[in-house]
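1. Kindly return the folded structure for what I paste below:
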Amino acid sequence: MATNASKPTQEESGESTQESRPHEKSPRSSPPNHIFVGKKPVMSYAMSAMVQLAQSGEIVLKARGMVISRAVDVAEIVTKRLGNNTFEIRNIKIDTERLGEGDDIRNVSTIEIVVGKKA
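-> Residues are numbered from 1 along each chain as shown. Predicted coordinates:
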């Protein structure tokens, strides 16, 4: 005769694994006020920047390579068009990163633009 006694599931036994909860993200490794500019439309980054500025008062736009001009556009839109002259560009840092391994090492330009509320 078979019984219905079964082994407890992971949730019932208190065990948790990464596989049992795929919706959980790993902890954020960068501060929440950093915006990494990529290939999305400029206005999506500008609106994200405005939300972050309303919460924290300062953001850092980061970009590298071909999207550096998009980060500059976002900073200009936030300070001149959307911000009604309440925000300013506080600092700009440019740098070069070396990417790749072995013979495939290449230099990639980077930029960090700090935007904050005017003093």
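2. pLDDT below threshold where in this protein?
-> 1-28 (pLDDT under 70).
3. right, and Ile105 touches Thr96 too?
-> No. The pair Ile105 / Thr96 is not scored as a contact, 11.8 Å apart, by CB atoms under 8 Å. C-beta here means a position set from N, CA and C on the backbone, and glycine is covered the same way.
4. how about the helices of this protein, start to end?
-> 10-13, 42-56, 68-76 (DSSP state H).
5. Tell me which of the ones you listed lies nearest to Pro31.
-> helix 42-56 (9.0 Å; CB to CB).
6. What are the contacting residues of the closest one?
-> 32-33, 35, 37, 59, 61, 70-71, 73-74, 77-78, 82-83, 87, 115-117 (CB atoms under 8 Å, 6 or more residues apart in numbering).
7. Helix 68-76 and that one, what's the angle between them?
-> 50 degrees (axes from the mean of the first three to the mean of the last three CA atoms, to 10 degrees).
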